[in-house]
Structures are given as structure tokens and as C-alpha cells.
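> Here is the input, now give the coordinates:
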Amino acid sequence: MVENSATNIAKGKTGGVVKLKVAAKTTVVEVVEVIKHKGNKSTQPVQDRKQYINIDSKFASQKAHPEYGRSVMLKARLSWISGDKSASLSGKKVYWYSKGDAKNKAGLKGDEKEGFETWFSRPATKETKVNKDGWTPEVEFQLSIYGGDKFEVYATDESTYKNGKKAGTYEVWRKLWVEMESMKKRTGGEFSLPKDALAQAYKDCYIEFENQGKDNKPNNKWNLMTSKLHSFANSYFGAERSPYQAQELAIDHQADPSDQEMEIEMWKTVFTSPKSGTYYIYDGGTSWVKSAKYRDASGPSIFGFKLGWKNLDKSKISLTGANKIYKKVKIDLTGGPVTPTKKKPVDIELKLKTSKEWGGDGTFKPHGNIATGFYEEAVANQASAAKEIHCVRVHEMGHLLGLVSAKSSTHIDTGTGHHCKDKNCIMYYQSSALRTKLCNVCKEYVRRADLSKRKGKFKHSKGNKA
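Numbers count the residues shown, from 1 in each chain. Sure thing, here's the model as predicted:
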């Protein structure tokens, strides 16, 4: 309650005039949001909303997006509700404060915390003076950095920071734009990724995903070696919505070749390896067989080295098995050039090109590759294959978001990148149809993550972007 100089004139019982001083009251009658866009300022009614703190509002090119950025700009108007309402309000005060939700993250420090921005600090409250018309200057409220935190902002004329006019409820979110590329299949049509997989998995991290750009539907490449992923993905990446964005590609296979040697002693005409493996068949034909040799098992040796090897036609070597990816090696000597028996066994030496099959890759930011074709061929049950693909899509996005940090208590380096040692976490190094969510430790990291700008630069089809 504030007094002004207004008086009330009344007549006393004796006929004299008594001047009674009236206590004049003020109150905050409205709070508006200040919108800045392209050098212009305007105001709009306050509203409850998600606030995407990782996006700089300058990226709103065609229209203003006050929901972008960590700051909310506000101003309030004070008014007389009694007394001389024409009196100047200049110098009167409005007090700003916020209320955090009971579920907000406790223990945030320094720049992590919410508060009213000043030149040198971010206090929990702010005192402002109004002009003659009752308007405060612009006030900047900064939200905390923790995803899911909620804050109500109030403006009041009470110096005890109570009651007043509510400005709005703001919830901390982050937004990420994703461009999708669906590679064409060898058999027709395109590979696809599970709809809403990211939204479901990262909802509890308070990250919203929005599609951008167009699906370029790249022509099929049966296999992309890991070293080729970045250049391939980058040749299709064209959208630019913010300095922190992602591209996800549903590709056929991601496999890297490596060498393997096998030596077998055969007693029968046909031999099939007891275990299945993956072989680099992507060059076509029998190129996965680098060399094949045979010799009489009782032939000569020098210092343990067997002698007398002869070249074996590669057509005698094949892959067998119902699974399209995991195969057994078959050696068929029917028709020669030699017939092995128990009495006259034959040594076979094979040098093969095996294949290290990957489910996906998120190493080359901002590209996340999901080897959709691999799962569709390797997993017999297509419903299970779809769940595996779901897992990998969410997993690779986790890498693009910075998981798993080497500073994390669950971090483990398996030689395949930064992963989580929690076997139930989707950031574990092996995919599984049973893994659908982040563990609490990884979730905590993402809710704090700085997703405002990629650190360093990545080569972009339209030039280097931050």
C-alpha cells in the first residue's frame, strides 16, 4: 500500500471543513512479453509454454519466436486503484520474483541457475522503478539449464515479494532439427526408420525433434565402409535451421573388411565350418576369397612350415546357410582336384576377407547412420528387426547429443566409441530389441547438455557451419 497526496474534504458536525488524507493504493494490472525481431520491438500477452533454451532467437528469420532462447523478456504496468488516479507513478516500484516447481532440479550452481539478469549477477528477485505511466523497464528472466524445470514469474507492488500478477509458466526444453535420408533398397522401395522413436525415447530428457529439409532418397550402396560414411552423408545434407542439428540416414550396410586365415584338414569330400561368420561379399563374386590352396596332409614340412601347396580354384569355396548375413564356409572337392580320405587327408589353406558388420554409427557429427539393411537381413523375425533398428536410431542420436561422456560414472570404452556400461541402457555398446530407454545417469547428462552449438566445425555441403 502506497500513499499519495490526494485528500478527501468532509464537513464536520460544527460545520467546519475537515480534510481527511486517503491512503492510495497501487497494483500491478498487467504483465506483457517484449518481442524483439529484426530490430523492432513489440509486446504480446504472456503465456504458459515450453522454452527452447538451446536455440538463439536470431535464427527466427521470417517471424519472431519468443519461445527460443533461455531468456524471457517482460515488462509490467502499475496502476492506482484508489486515490488520485491522475497522479504520476514515476519512481514507484515493482518487485519481480519467480516460483520454481517442486520437482525442479536442486543444487544447480552459477550459470546453471535461473534468475533475473543483471550486469554482474543473476539474483532470484529484482526491483524496478516505473515511469509516470506505470510501466517498468524491460526485465530479463533466465531459466535454468535443466530440462523439465518449470518456473512461474510474478510482478508485484509488495516489497515482500508476495502475490502480484503472474507472467507465465515456462518449462525448460531443447529442440533439435533432424534431416532424414532413406536410402533406396536393392529390391525396390526405400529403407525407413521407426516413426516417433526419438520423441518417445527423449521425452523424459525434454528434447523435442522437428523434421527439416527433404528426404533425398539416396541411390543404393550395398555397403558403406566406416571411413566413407561422412563424405556420403554430407553430400546429401542440405538443411540449415540452427548451429546444432542432425542428419539421420537409413542405409543398407555399414561393414569394414578384415583378413582371416583358415587351415583345415579334410577327410571327406565336403567340409562345412562349424560356426557362422560374416564375410565381405560386397565386392561381388568370390572376391571375399583372397586365396585357396591345398596339399597332401602328409606332405613335407621345414621347421613347422608345410610345403607342397597348390592353388585351389576359388569356385570350390562357397558360403552356406539360411541367414543372409551369417554364413558358414563350405569347401566342396567333389570332382577334384583331389579326393580326401581318412587315410589320405588333405590340408586346405584359405585366406578370406571377413566383414565387421556395424549396426550404426554416430561418430561423424552431425550424421547418424543406421544400418537398416543389415538388421532386415540378419534378424529373421522382422518385428524384432524393427525393434533393433529403433534401438540403434535412438543410440546413434545419443552419440550426436554427446553420450557417453568420459566423465560419466557409467562410461565404458569398448574400442567402439563412448558407451554406457549399464546393460539396460540404450547407450550400451550392443544393440538389443529389449533396450528402449536411457539409464538415469545418461538421462541426467542430456537434461543438462549444451545443445546450443556444435563444438568445432563439421564440413557441410553448403560450407563450414559452426
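> give me the number of residues near Ile325?
Ile325 sits with 21 neighbouring residues when counted by other C-beta atoms under 10 Å. Yep, even glycine has a C-beta here, placed from its N, CA and C like the rest.
> In space, what's closest to it - neighbours in sequence excluded?
Leaving aside its chain neighbours, Ile325 sits nearest to Ala378 (4.1 Å; criterion: C-beta to C-beta, 6 or more residues apart in numbering).
> and that neighbour, what does it touch?
Ala378 makes contact with 323-326, 357, 385, according to C-beta atoms under 8 Å, 6 or more residues apart in numbering.
> mind giving me the domain split of this protein?
26-173, 183-255+358-448, 261-354 (the TED database).
> tell me how far the ends of the first one are from each other?
Spelled out, it's domain 26-173. Across domain 26-173, the terminal residues are separated by 36 Å (C-alpha to C-alpha, to the nearest Å).
> One more: the longest one?
Domain 183-255+358-448 has an end-to-end distance of 34 Å (C-alpha to C-alpha).
> From the chain's centre, how far out is it? Work that out for me.
9 Å (C-alpha atoms, centre = their mean, to the nearest Å).
> mean confidence score for it?
For domain 183-255+358-448, the mean per-residue pLDDT is 93.
> likewise the first one?
For domain 26-173, the per-residue pLDDT values average out at 94.
> Return the distance of Lys38 relative to Ala383.
According to C-beta to C-beta, to the nearest Å, Lys38 and Ala383 sit 51 Å apart.
> Downstream of the lengthiest helix in the chain, the next helix or strand is which one?
Using DSSP state H, we find that the single longest helix of the chain is helix 382-400. Later in the chain than helix 382-400, the nearest helix or strand by DSSP states H and E is strand 411-413.
> Paired strands for that following strand, with orientation please.
strand 418-420 (antiparallel) (DSSP bridges).
> quick one on the thing from earlier: and the contacts of Ala378, which is closest to Pro123?
Ala385 (54.7 Å; C-beta to C-beta).
> Now that closest one: closest residue in space that isn't a chain neighbour?
Val379 (3.8 Å).
> Phi, psi for that neighbour please.
Val379 adopts backbone torsions of phi -100, psi 120, taken as degrees, to the nearest 10.
> OK, contacts around the nearest residue to Lys92 once chain neighbours are set aside?
Once flanking residues are discounted, Lys92 sits nearest to Val130: 5.2 Å by C-beta to C-beta, 6+ apart. Neighbour list for Val130: 77-78, 89-94, 136 [criterion: C-beta under 8 Å, 6+ apart].
> So what are the sheet partners of the helix or strand harbouring Glu210 and their directions?
Glu210 belongs to strand 207-211 when assigned by DSSP H and E. Strand 207-211 has its sheet partners listed here by DSSP bridges as strand 165-182 (parallel).
> and the direction of the partner strand versus that of helix 382-400, what angle?
120 degrees (axes from the mean of the first three to the mean of the last three C-alpha atoms, to 10 degrees).
> how far is strand 165-182 from where the chain is centred?
Per C-alpha atoms, centre = their mean, the centroid offset for strand 165-182 relative to its chain is 13 Å.
> Next: stretch 344-359.
With C-alpha atoms, centre = their mean, you get 39 Å for stretch 344-359.
> rewinding a little: can you put the domains of the chain in a markdown table and add distance to Arg454?
Below are the domains of the chain laid out as a markdown table (distance: least, C-beta to C-beta, whole Å):
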| stretch | distance to Arg454 |
| --- | --- |
| domain 26-173 | 11 |
| domain 183-255+358-448 | 6 |
| domain 261-354 | 32 |
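> Let me know which of these is tucked in deepest.
Most buried of the domains of the chain, by mean neighbour count (mean count of other C-beta atoms under 10 Å): domain 183-255+358-448, with a mean of 19.
> Need the three-state assignment for Gly373.
Classification of Gly373 using DSSP: H, G, I helix; E, B strand; the rest coil returns helix.
> what's it in contact with, if anything?
Applying C-beta under 8 Å, 6+ apart, the residues near Gly373 are 183, 185-186, 191, 222, 251-253.
> out of those, which are inside helices?
Short answer: those have none in helices (DSSP H).
> Redo these as TSV? Include distance to His65.
TSV is the format used below for the contacts of Gly373 (distance: C-beta to C-beta, whole Å):
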residue	distance to His65
Met183	33
Lys185	38
Arg186	43
Phe191	33
Trp222	43
Ile251	33
Asp252	38
His253	40
